[in-house]
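J.: requesting a structural model of the entry that follows:
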Amino acid sequence: MRQPSPETPLPHAIEVISTSPGRPLAERIRIRENERAPLAPTQVRIGMLAMNILPADLLQMDGQYGHQPELPYVPGHEGVAVVLETGNEVADLQAGERVLPIGVFGVWSDELVVQRRSLVPVPSHAPVLQQAMLAANPATAWVLLQHQVTLQPGQWVIQNAANSAVGQCTRQLALHLGIPLINVVRRPEAVAAEEGGHWLVDDGQDPDVLQESVRQITQGEPVVLGLDAIGGKASRALAASLSPQGRLVLYGLLSGDPCSISAHDLIFRNVHVQGFWLANWFSNPDNRQKAKTVYPALMALAAQNVLRMNVEKVYELSDVLEAIAHSAQAGRQGKVLLTGAHFQSQQT
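T.: Coordinates of the predicted model:
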């Protein structure tokens, strides 16, 4: 066990004090100092290295997420950390090892105290920023491709928001797995044709247009899975492009509009529609064995450079207002990340 010295500055954390979107962000979040509490026997003190800014974090700050914690709260669902100190019953982790906090909320902090069971060790030689983005978007893409339908050879998958972080991961995984994929984006400049799959520029307003474009690409082969990050009218267009008995999985709320599906597709073509939330999938006891395989598979693929996500800019925790504003901008070419007080200790 290694304890912080008395001279070590107190860690800071971001604190949300209001989720009223009408108020300026500067009035809704603040930076606070945290005292270091003693560890229980099975606890671990970790120092956050880098933290991802997810759409879920921004929705939660505006009071629009599926789970809203009581105010005030520390945001953040994803990041990578280094072990600082272990409780006296933790024998399999040492100070200096890197870990992913899985299912841990409130990671926008310099330091956290978590239970050992919530930490997954990761290689200490791998790129820190890539590891900070491993837990949410790649896992979502992996589960969507591997555990929603059983894909047979020649069956296609279609996704909208293909230039998003989940979309990028889906492209990379589909290419690796040999899954034929159609990528739909709303702007020509969002096309990244060199990154795998077939690309379509479509605004989602006319289902017939998308359906015909998809038919020309697939030459009549079945499109059995649609991955919808947008909702609203885009859901209707994506559902129309699926084959009969196809499955549309809604996993995002980018449009902010209610999901719209044609009654014709539901009744006569028997298109299935379901929602997906990664946290619910992991917490479902029926998925326990499959869930154990997700992160080992992703870490192996990251080590093989199969998975690699774009980073547009990195901000220190103290610059969180600027980082959030940047993250909310349309047309970004990569993720916006935060770094904690221990980030520089891992830069060699």
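
J.: what secondary structure does the nearest residue to S262 once chain neighbours are set aside sit in?
T.: Leaving aside its chain neighbours, S262 sits nearest to R236 (5.7 Å; criterion: C-beta to C-beta, 6 or more residues apart in numbering). C-beta: built from backbone N, CA, C; applies to glycine. Classification of R236 by DSSP: H, G, I helix; E, B strand; the rest coil places it in helix.

J.: for the stretch 151-300 of the chain, what spans make up the strands?
T.: 156-159, 181-185, 198-201, 223-228, 247-250, 272-275 (DSSP state E, counting those that start in this stretch).

J.: what is the end-to-end distance of stretch 70-77?
T.: Its first and final residues considered, stretch 70-77 spans 16 Å by C-alpha to C-alpha, to the nearest Å.

J.: avg pLDDT for that stretch?
T.: If you average the pLDDT over stretch 70-77, you get 96.

J.: in it, what counts as buried?
T.: Within stretch 70-77, the residues scored as buried using 16 or more other C-beta atoms under 10 Å are 73-77.

J.: quick one, phi/psi of the closest residue to Q68 other than its chain neighbours?
T.: Leaving aside its sequence neighbours, Q68 sits nearest to Q60 (C-beta to C-beta, 6+ apart; 6.5 Å). Dihedral pair for Q60: phi -60, psi -40, per degrees, to the nearest 10.

J.: ok, back up a step: of all the strands of the stretch 151-300 of the chain, which lies closest to R332?
T.: The closest of the strands of the stretch 151-300 of the chain to R332 is strand 181-185. By C-beta to C-beta, the value is 13.4 Å.

J.: still on that earlier bit, what's the neighbour count on the residue nearest to S262?
T.: 22 (other C-beta atoms under 10 Å).

J.: can I take it that V320 is in a strand?
T.: No: under three-state DSSP, V320 sits outside any strand and is assigned helix.

J.: tell me who's in contact with it.
T.: 14, 29, 31, 108, 338 (C-beta atoms under 8 Å, 6 or more residues apart in numbering).

J.: what pLDDT does the third one get?
T.: So the one you mean is I31. 96.

J.: the contacts of V320, buried ones only, as a PyMOL selection?
T.: Those of those that count as buried under 16+ other C-beta under 10 Å are selected in PyMOL with:
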select buried, resi 14+29+108+338
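
J.: can you add distance to I267 and secondary structure and give the contacts of V320 back as CSV?
T.: Formatted as CSV, the contacts of V320 follow (distance: C-beta to C-beta, whole Å; DSSP: H, G, I helix; E, B strand; the rest coil):
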residue, distance to I267, secondary structure
I14, 48, strand
I29, 46, strand
I31, 53, strand
W108, 46, coil
L338, 47, strand
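
J.: closest one of the contacts of V320 to R187?
T.: Nearest to R187 among the contacts of V320: L338, at 27.2 Å, using C-beta to C-beta.

J.: where's the closest one relative to M61, distance?
T.: According to C-beta to C-beta, to the nearest Å, L338 stands 14 Å off from M61.

J.: helix, strand or coil for the closest residue to P69 other than its chain neighbours?
T.: In space, and not counting its chain neighbours, P69 is closest to F105: 7.2 Å by C-beta to C-beta, 6+ apart. Following three-state DSSP, the label given to F105 is coil.

J.: contacts for the longest helix along the chain?
T.: In the chain, with assignment by DSSP state H, the single longest helix is helix 288-303. Helix 288-303 is contacted from outside by 100, 102, 120, 122-123, 126, 130-131, 134-135, 138-139, 142-143, 147, 173, 176, 281-282, 307-308, using C-beta under 8 Å, 6+ apart.

J.: so where's the stretch 1-150 of the chain uncertain?
T.: Counting by pLDDT under 70, the stretch 1-150 of the chain contains low-confidence residues at 1-7.

J.: quick check: K313 is in a helix.
T.: No: counting by three-state DSSP, K313 is not found in a helix; it is strand.

J.: look at it and say how many residues are nearby.
T.: K313: 14 surrounding residues under other C-beta under 10 Å.

J.: then R215?
T.: R215, neighbours per other C-beta under 10 Å, totals 13.

J.: any idea how far G167 is from it?
T.: 22 Å.

J.: ok, M51 next?
T.: Distance from M51 to G167, by C-beta to C-beta: 21 Å.

J.: what about the two, which has more around it?
T.: Neighbour count, other C-beta under 10 Å: between M51 and G167, M51 has more, with 29 against 26.

J.: assumed the more buried one was part of a strand.
T.: Yes: counting by three-state DSSP, one finds M51 located in a strand.

J.: who does it bridge with?
T.: Taking DSSP bridges as the rule, M51 bridges to G79, L338.

J.: quick check: chain neighbours aside, which residue is closest to V223?
T.: Spatially, and ignoring its direct neighbours in sequence, V223 is nearest to W156 (4.4 Å; C-beta to C-beta, 6+ apart).

J.: kindly apply the preceding question to D110 instead.
T.: P11 (3.5 Å).

J.: what about the helices in the chain?
T.: Counting by DSSP H, the helices of the chain are 55-61, 128-132, 137-146, 165-177, 207-218, 233-240, 263-267, 278-283, 288-303, 320-327.
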